[in-house]
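S.K.: take a look and give me a structure for this.
(chains A, B, C and D)
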There are 2 protein chains.
Amino acid sequence: MRLAELSERSGVSTATIKYYLREGLLAPGRQVNTTTADYDEEHLRRLRLIRAMIQVGRVPVATVKEVLGHVDDDSLPRAMRLGAAVWALPQVPEPDADDEFVQGARVAMEGLLKTLGWSNAQAMTTISPSFRSLVVATAALRRLGYDWNPETLVPYARLMRQVAELDMEFMESHVSEAEKAEVAVLGVVLVEPMLQALHRLAQEEESTRRYGFE
Amino acid sequence: MRLAELSERSGVSTATIKYYLREGLLAPGRQVNTTTADYDEEHLRRLRLIRAMIQVGRVPVATVKEVLGHVDDDSLPRAMRLGAAVWALPQVPEPDADDEFVQGARVAMEGLLKTLGWSNAQAMTTISPSFRSLVVATAALRRLGYDWNPETLVPYARLMRQVAELDMEFMESHVSEAEKAEVAVLGVVLVEPMLQALHRLAQEEESTRRYGFE
DNA sequence: CTTCATTGGGGAGTGCCACTATCCAAGCAT
DNA sequence: ATGCTTGGATAGTGGCACTCCCCAATGAAG
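M.R.: Numbering: from 1, shown residues only, chains lettered A, B, ... in the order given. Below is the predicted model of the structure:
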């Protein structure tokens, strides 16, 4: 198919597709001649994935490129491809290491992982960007005066562990080996917004149940 | 305290504080004379909340203003203040109502709420921006060919309901009546990034447990 | 064969956002 | 009196995600 058809079937303007091609998010089509390039179903699928990441997942264009690079990196074993792709997703900015709240939050969150007995806690605390997000958010809460400590978070963490188990089951039940990395990315990029939406709906529901509309 | 001290104690530059004052995010200090204004602890606290929303929660400045407006709106009963504040938080853009995937996803998600028996399902499906996010993410998944249906989401929703119960318990146990709206905002703005981080850590953990590093 | 709209490519421009830099006059400190 | 600091206002910056416009080559219509 040609650019115009790719645009029509994806709902993305040709100008935007050209932009993605220039940025290297989308592989160029097969060049038929100087003024014609041919795109296939794989391009369409990839383009939809890109749009999902950008529009639903709010992932910046440069990050999408990085994540897709990991997804496509055949030189890594699968588990590492997944990890690399997820770690490339946007996180909170690097905190000020000298800040006392950040230091305290870091110690508390290391304790949390230990309490949970999560096996690769060592690797997590040193390098995982998710761990950093956790520390930054905890520090912000404490700066506001809430005694947000590991005990508060343990039940949350156990629930999220159950969520992760659901993720893995979905991945195993529906997907061919070749697509697993893509599904892992979808698992964070699309499922997280859904979790967030469900969380807010559940809050409304629970709040109404407890307090009505007073 | 003066602007310089407010800046020092919050870690926010004077230029940025002036910007927030101009944008109406922060109430002006008590004007002592033409060149001096006096700020109190409440300003500091509010400034930290603003920073947490912007930096940790990635909430746009204009939205922060809107959310704080609802938090401070004494004319509304509490439950509505909370709802209004949370609903003002950024969500996914409005989907194309004619899109077949969007229509299908909407029907599926209405079914989900019915299955869950969430009591105010009627109000949710018609107006809640969270419901819209859910529809948009589901449509994106289906467009990519995954048979993402209400049954898949039910266990996720039940887990998020448990999370919401934890939120409410935290809110009730720690906080004076006057601060409840602020805590509700924090509950989505700061707790959601933490949930997200815990989700990703749990995925790493669960993935490692199941597959090792192959 | 000529005309003419269309195509892919590429550079430059746009609009928005979150600051940030500069300027200014009034005050206060020495 | 001098010079630094303050709050207030205006304009500018840099990044991002497009979006516009122009071009030469092409393919389709008459």
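S.K.: every contact and neighbour count from this point should use C-alpha atoms.
M.R.: Will do.
S.K.: next up, phi/psi of residue A:94, please.
M.R.: phi -50, psi 130 (degrees, to the nearest 10).
S.K.: and what of residue A:33?
M.R.: phi -150, psi -170.
S.K.: give the burial count for it, as a bare number.
M.R.: Using other Cα atoms under 10 Å in any protein chain shown, residue A:33 is surrounded by 8 other residues.
S.K.: try residue A:105
M.R.: 25.
S.K.: element containing it, please.
M.R.: Assessed by DSSP states H and E, residue A:105 sits inside helix A:100-116.
S.K.: now do the buried residues in that helix.
M.R.: In terms of neighbour count (16 or more other Cα atoms under 10 Å in any protein chain shown), helix A:100-116 has its buried residues at A:101-103, A:105-106, A:108-113.
S.K.: closest to chain B among those residues?
M.R.: residue A:113 (9.6 Å; Cα to the nearest Cα).
S.K.: next, the contact list for the nearest residue to residue A:202 once chain neighbours are set aside, please.
M.R.: Among residues not flanking residue A:202 along the chain, residue B:161 sits closest, at 5.0 Å (Cα to Cα, 6 or more residues apart in numbering or on different chains). By Cα atoms under 8 Å, 6 or more residues apart in numbering or on different chains, the residues touching residue B:161 are A:198-199, A:202-203, A:206.
S.K.: same check, this time on residue A:2
M.R.: Applying Cα under 8 Å, 6+ apart, the residues contacting residue A:2 are A:36-39.
S.K.: ramachandran coordinates for it?
M.R.: phi -100, psi 170.
S.K.: could you measure from it over to chain B?
M.R.: 20 Å (Cα to the nearest Cα, to the nearest Å).
S.K.: now do residue A:156
M.R.: For residue A:156 relative to chain B (Cα to the nearest Cα), the value is 7 Å.
S.K.: and residue A:163, what pLDDT?
M.R.: Listed pLDDT for residue A:163 reads 94.
S.K.: by contact count, what packs against the helix or strand containing residue A:131?
M.R.: Taking DSSP H and E as the definition, residue A:131 sits inside helix A:129-143. Here helix A:129-143 touches helix A:100-116, helix B:191-211, going by 3 or more Cα pairs under 8 Å, 6 or more residues apart in numbering or on different chains; DSSP states H and E.
S.K.: ok, the closest residue to residue A:112 other than its chain neighbours - contacts?
M.R.: Closest residue in space to residue A:112, ignoring its immediate chain neighbours: residue A:150 at 5.0 Å, by Cα to Cα, 6+ apart. Neighbour list for residue A:150: A:108-109, A:111-112 [criterion: Cα under 8 Å, 6+ apart].
S.K.: change it to 10 Å
M.R.: Contact analysis of residue A:150 by Cα atoms under 10 Å, 6 or more residues apart in numbering or on different chains lists A:105, A:107-116, A:138, A:157.
S.K.: closest to residue A:18 out of those?
M.R.: residue A:138 (41.5 Å; Cα to Cα).
S.K.: confirm for me that that closest one is in contact with residue B:192.
M.R.: No. With contact defined as Cα atoms under 10 Å, residue A:138 and residue B:192 do not form a contacting pair (11.5 Å).
S.K.: higher neighbour count, the two?
M.R.: Each of residue A:138 and residue B:192 has its neighbours counted (other Cα under 10 Å); residue A:138 has more, 30 against 20.
S.K.: got the contact list for stretch A:202-214?
M.R.: A:196-201, B:77-80, B:82-83, B:86, B:117-121, B:124, B:128, B:157-168, B:184, B:187-188.
S.K.: residue A:20 against residue A:50, yeah?
M.R.: Yes. Residue A:20 lies in contact with residue A:50 (Cα under 10 Å); the separation is 9.1 Å.
S.K.: looking at these two, which one has more neighbours?
M.R.: Between residue A:20 and residue A:50, counted using other Cα under 10 Å, the more crowded position is residue A:50 (21 against 18).
S.K.: is the helix or strand where the more buried one lies anywhere near chain B?
M.R.: Using DSSP H and E, residue A:50 sits in helix A:41-51. Yes. Residues of helix A:41-51 are located near chain B by Cα under 10 Å from any Cα of the partner chain, namely A:44-46, A:48-49, A:51.
S.K.: now those residues as TSV including pLDDT?
M.R.: What follows is the residues of helix A:41-51 next to chain B, written out as TSV (pLDDT from 0 to 100):
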residue	pLDDT
A:44	91
A:45	89
A:46	91
A:48	92
A:49	91
A:51	93
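S.K.: and those residues, which are buried?
M.R.: Going by neighbour count (16+ other Cα under 10 Å), the residues of helix A:41-51 next to chain B have A:44, A:46, A:48-49, A:51 buried.
S.K.: which stretches of chain A have low pLDDT?
M.R.: Along chain A, the model assigns pLDDT under 70 to residues A:78-79, A:120-126, A:175-180, A:212-214.
S.K.: report the buried residues of the longest helix seen in it.
M.R.: Secondary structure of chain A per DSSP state H: the longest helix is helix A:150-174. In terms of neighbour count (16+ other Cα under 10 Å), helix A:150-174 has its buried residues at A:150, A:153, A:156-157, A:159-168, A:171.
S.K.: and if you look at stretch A:53-68?
M.R.: Neighbour count says stretch A:53-68 has A:53-59, A:61, A:63-68 buried, by 16+ other Cα under 10 Å.
S.K.: repeat for stretch A:84-100
M.R.: In stretch A:84-100, counting by 16+ other Cα under 10 Å, buried: A:84-92.
S.K.: now these as CSV including secondary structure and distance to DNA strand D?
M.R.: Rendered in CSV, the data for the buried residues of stretch A:84-100 read as follows (DSSP: H, G, I helix; E, B strand; the rest coil; distance: Cα to the nearest atom of the strand, whole Å):
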residue, secondary structure, distance to DNA strand D
A:84, helix, 20
A:85, helix, 17
A:86, helix, 17
A:87, helix, 17
A:88, helix, 14
A:89, coil, 12
A:90, coil, 10
A:91, coil, 13
A:92, coil, 14
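S.K.: looking at those residues, which is nearest DNA strand C?
M.R.: residue A:92 (13.1 Å; Cα to the nearest atom of the strand).
S.K.: leaving out sequence neighbours, find the closest residue to that closest one.
M.R.: residue A:133 (5.4 Å).
S.K.: list the contacts for that neighbour?
M.R.: So, once contact is read as Cα under 10 Å, 6+ apart, residue A:133 ends up touching A:91-95, A:139, B:56, B:193-198.
S.K.: repeat for residue A:29
M.R.: With Cα under 10 Å, 6+ apart, residue A:29 has these contacts: A:1-3, A:21, A:36-40, A:43.
S.K.: now, which of those sits nearest DNA strand D?
M.R.: residue A:36 (6.8 Å).
S.K.: how far away is the residue nearest to the closest one when sequence neighbours are not counted from DNA strand C?
M.R.: Ranked by Cα to Cα, 6+ apart and with sequence neighbours excluded, the top spatial neighbour of residue A:36 is residue A:2, at 7.2 Å. Going from residue A:2 to DNA strand C by Cα to the nearest atom of the strand, to the nearest Å gives 4 Å.
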